[in-house]
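Enquirer: Pasting the sequence and the predicted coordinates here, then a few questions.
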Amino acid sequence: MSQPDSRHSLIGRRAFGLTVAAASLAAALGSALPAGATGLRRSATPFDETTLWDNTVDPLESYHVHGLAVLPDDTVLVVTEGRHEVCDAGPRDLLVRRSPDGGDTWEPTQTLLASIDGQSWGNPTFVLDRITGDIFLFYMLSIRLPENTSCSGDIGDLYMISSGDGGRTWSEPRDMSGLFGHFPYEWKLHGPGPGHGIQLDNGRLLLNCAHRRVVTGNTVTERYYGVASIYSDDHGQTWHATGEVPVSVAYPINEARLVQRSDGTVLINGRAAAGGNRQRIVSVSVDRGLTWSPPRLDGATGTFNAVDASLLRYTGGPGTSDVSRVLFSRPDSPVRTNLTVSISYDDAHSFRYSRVINEGRSYYSELGRLSDGRILLLYGRDGDNPSFPRRVVMCRFSLEWLSGGRDSLSGGPGYTERLLDLTASAATSGGTMSVVQDPVARGGKRVVFTSSQTGAYVEYTVNVPTPGTYELLLRYFRSAAGGLVTVTVDGLKPRVALVDTTADRADGYDVAQLGSLELTSGSHKIRFTASGVGRGGGRLVSLDTLSLIDAPSQPDVREEAVVDNDELGYEVISGTWSASASVPGYRGGNYRWAPAGTGERVVRWRPVVPHTGDYEVQVSFTGHANRASNAPFRIRHADGTTLVRISQRSSGVTEPRGGSWVSLGTFHITEGVGRIELSNAADGVVIADAVRLLRSPG
């Protein structure tokens, strides 16, 4: 191993070895310990935060990309890249901090691996064997080819060290090269995690690894970004590569996390390698990680900046009767701000409750759990750099705090779900129905309804045994050929009645909270009507599942329809609109602009209006002295079209989730695809950024 530098002490070593504990697998993998199961001292406050590294105080330029392990005795290990330069392939140390008491106190920083002669150690990822107590830390050595002038490595060799004494001492490095040489993609960089791997119900250790070709000489498409995990069935003595998630150049997957669902399948959830404001990419394994389904986009967590995000099995899982809870953390914004944690009760098919942890700059995050149920959140925050944090912090909070009192380990969420299989027992009119097998679908298959006419429908008869108020949650498939679909129950429309099933960038799944309806006991008719052409020009309707949910608290839902200048629903009608990012405060990756003119340049936003009603129309733009004082927006509504002129010389209200917003007024808008237009018939530069509709209450 490398020698220590003068700033941190080097952790001691032990000979690599494994001791299999006598504890049974079921006891070792038990997910939900009751509150107070150990003598761990509780924090006096419902939320606390500790700074672990800060580049204004600590010696290195940046601390970024983290791993987290929580041992059964509540020892917490945190590892990060200590960067000598603000660069992904520059000199990097691997640094660790250890807390023996669940985060109450922290031992000083120690150097696991020091950068010698510019060595770049990165992507630290823990795997904990809860049967043996052994900890494995995987990482890579990143190397740039001489002709590479970027800050991305070309080659990444995989290594591993291990500890059998709670992270006090570590083994010599173990070279893990050669695991991925048989794949046909000429992958040269192999990055574990980052974050943490998982242990499955059968004891298998499973760790995600991301791969690509060299940067030098290859475009993004030619790099063949992909994922193939590694696993061990003998407590870490030997490791093997799984099959790859089928490589897609249309939406290449990169840094990703794993979670085992209650039915034993394994979900991989990853960021888009291409960056930008995007949905997550998912794949499913039905054989405990050995093979993977084709990747799909997944809108369950919304659309946000392509960034490493954490996924954690909090309670429940295979073989347990406890409530299934999966946590997800990410910067919920087109840029790296607004760190948010969400809770899922259906194995990450949807996320019900969310809480913003930090509205400001937020970066990579990592989740863990203490034995008393408190949640650990490790993440980078603050600073002026849009890609790298100023400091790394550890937060601790309870499930009650996260859910705003709507869930607790003692009382539970009071949540029940009845899942309707939409692939069977349907009546159709004016179209044909078929069933497609897809492991990413909630039941492993989805229905496809094909029609050539508006008004064709597929209908289901559902028996409701107990009267009450039920929420309707629709999971549907989005494709390039997707069309509009209208949902009714006994002829009545829920609050969200219209959904556009058109894919934005690629095929995938999404969810729609349709609202709540009072249902009597007995049979009810649920109809899905093909109600028009989608924003991509198609008519196809493909549905996964419909859930009837009974819960005492409403889900966290933003009643808004947003269209940015590089998303589905934005289109240039005439003229040239150039991209720019020179004035900050815009939503997403950029904005469009046109010089003053006579109206020869026009753009249009087409948000989906889910139900006829009153909507406030807002537009985002960044202000500047050269902007128009009379930018002309035309809003189509139920009573015709209204022209609203506004000054773009001053920015609107900037929000943590991106954009600087100004209201154009409230309008009664008809259900369907809306239309807001902007031309350059103005006295200065006209900015086209984003438009959103905010639903009025009631």
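Expert: Yep, that arrived.

Enquirer: Is the residue lying closest to Pro246 once chain neighbours are set aside in a helix, a strand, or coil?
Expert: Once flanking residues are discounted, Pro246 sits nearest to Pro294: 4.8 Å by CB to CB, 6 or more residues apart in numbering. Any C-beta I mention is one placed from the backbone N, CA and C, and that applies to glycine too. Assigned with DSSP: H, G, I helix; E, B strand; the rest coil, Pro294 falls in the coil class.

Enquirer: tell me the contacts of Pro252?
Expert: 220, 223-226, 272-274 (CB atoms under 8 Å, 6 or more residues apart in numbering).

Enquirer: List the buried residues for the top strand by length along the chain?
Expert: In the chain, with assignment by DSSP state E, the single longest strand is strand 353-369. Using 16 or more other CB atoms under 10 Å as the burial criterion, the residues of strand 353-369 that qualify are 353-355, 357-358, 361-369.

Enquirer: that older thread, relative to Asp566, which of the contacts of Pro252 is nearest.
Expert: Proximity of the contacts of Pro252 to Asp566 (CB to CB) peaks at Ala274, which lies at 12.3 Å.

Enquirer: Next up, identify which helix or strand the residue of the chain most remote from its centre is on.
Expert: Outermost residue of the chain with respect to the C-alpha centroid, by CA atoms, centre = their mean, is Thr598; its distance is 42.9 Å. Under DSSP states H and E, no helix or strand contains Thr598.

Enquirer: For the residue nearest to it when sequence neighbours are not counted, report the pLDDT, please.
Expert: In this structure, Thr598 finds its nearest non-sequential neighbour in Ala681, 5.7 Å apart by CB to CB, 6+ apart. pLDDT recorded at Ala681 is 98.

Enquirer: cool, Gly39 as well?
Expert: For Gly39, the predicted pLDDT is 42.

Enquirer: hmm, back to that, hmm, Ala682 and the residue farthest from the centre of the chain touching each other?
Expert: No - with contact defined as CB atoms under 8 Å, Thr598 does not reach Ala682; the gap is 9.6 Å.

Enquirer: Which of the buried residues of strand 353-369 sits closest to Gly118?
Expert: Checking the buried residues of strand 353-369 one by one against Gly118 (CB to CB), the nearest turns out to be Tyr364, at 23.1 Å.

Enquirer: Tell me the predicted confidence for that closest one.
Expert: 97.

Enquirer: For Pro91, see how far away it is.
Expert: Distance of Tyr364 to Pro91, computed by CB to CB, to the nearest Å: 19 Å.

Enquirer: same check, this time on Gly103
Expert: For Gly103, the distance to Pro91 - CB to CB - is 29 Å.

Enquirer: In terms of packing, which of these two has more residues around it?
Expert: Gly103 (24 against 19; other CB atoms under 10 Å).

Enquirer: Can you show me the helices along this protein?
Expert: 25-28, 399-403 (DSSP state H).

Enquirer: Contacts only, for the residue nearest to Pro246.
Expert: Contacts of Pro294 by CB under 8 Å, 6+ apart are 245-246, 248, 283, 440.

Enquirer: domain parsing for the protein?
Expert: Here the domain parsing of the chain from automatic domain parsing is 9-403, 417-550, 560-695.

Enquirer: So what would you say the end-to-end distance of the shortest one is?
Expert: It stands for domain 417-550. 6 Å (CA to CA, to the nearest Å).

Enquirer: what does the last one give?
Expert: Here the two ends of domain 560-695 are set 6 Å apart, with distance taken as CA to CA.

Enquirer: gap between it and the chain center?
Expert: Distance of domain 560-695 from its chain centroid, counting by CA atoms, centre = their mean, to the nearest Å, is 27 Å.

Enquirer: The chain should start at 9 in everything you say after this.
Expert: Right, with 9 as the first residue, what we last looked at is domain 568-703.

Enquirer: how about Val274, what does it touch?
Expert: 208, 214, 266-268, 292-293, 296-297.

Enquirer: For beta bridges, what are the partners of it?
Expert: Gln268, Ser293 (DSSP bridges).

Enquirer: coming back round to it: per-residue pLDDT of the residue nearest to Pro254, please?
Expert: So, for Pro302, pLDDT stands at 96.

Enquirer: what's the answer for the one 10 residues further on, then?
Expert: Looking at Phe312, its pLDDT reads 92.

Enquirer: my guess is it meets Gly284, correct?
Expert: No - using CB under 8 Å, Phe312 is not in contact with Gly284, being 10.1 Å away.

Enquirer: Who has more neighbours out of these two?
Expert: Using other CB under 10 Å as the criterion, Phe312 and Gly284 rank with Phe312 on top: 24 against 13.

Enquirer: one step back: distance-wise, check the residue farthest from the centre of the chain relative to Ser637.
Expert: Distance, Thr606 to Ser637, by CB to CB: 16 Å.

Enquirer: All the strands of the stretch 509-658 of the chain, in order from the start?
Expert: 516-527, 530-540, 549-558, 568-572, 578-582, 586-588, 599-602, 610-613, 616-617, 621-628, 639-645, 648-654 (DSSP state E, counting those that start in this stretch).

Enquirer: Please list all residues in contact with Arg231.
Expert: 220-223, 260, 281.

Enquirer: redo that, cut-off 6 Å
Expert: Counting by CB atoms under 6 Å, 6 or more residues apart in numbering, Arg231 makes contact with 220-221.

Enquirer: ok, now Phe536?
Expert: 466, 493, 495.

Enquirer: if we can go back for a sec, looking at the domains of the chain, spot the one closest to Gly419.
Expert: Of all the domains of the chain, it is domain 17-411 that lies closest to Gly419, at 8.8 Å by CB to CB.

Enquirer: now the strands of the stretch 509-658 of the chain as CSV including distance to Leu79 and mean pLDDT?
Expert: Converted to CSV, these look like this (distance: least, CB to CB, whole Å; pLDDT from 0 to 100):
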stretch, distance to Leu79, mean pLDDT
strand 516-527, 35, 97
strand 530-540, 48, 97
strand 549-558, 36, 97
strand 568-572, 42, 97
strand 578-582, 49, 98
strand 586-588, 49, 97
strand 599-602, 48, 98
strand 610-613, 51, 98
strand 616-617, 48, 98
strand 621-628, 46, 98
strand 639-645, 57, 98
strand 648-654, 57, 98
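
Enquirer: got the ones you listed as TSV, with distance to Ala696 columns?
Expert: Below are the strands of the stretch 509-658 of the chain laid out as TSV (distance: least, CB to CB, whole Å):
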stretch	distance to Ala696
strand 516-527	25
strand 530-540	25
strand 549-558	31
strand 568-572	10
strand 578-582	8
strand 586-588	10
strand 599-602	4
strand 610-613	5
strand 616-617	19
strand 621-628	9
strand 639-645	9
strand 648-654	13
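
Enquirer: so which of those comes closest to Asp82?
Expert: Nearest to Asp82, of the strands of the stretch 509-658 of the chain and by CB to CB, is strand 549-558 at 34.2 Å.
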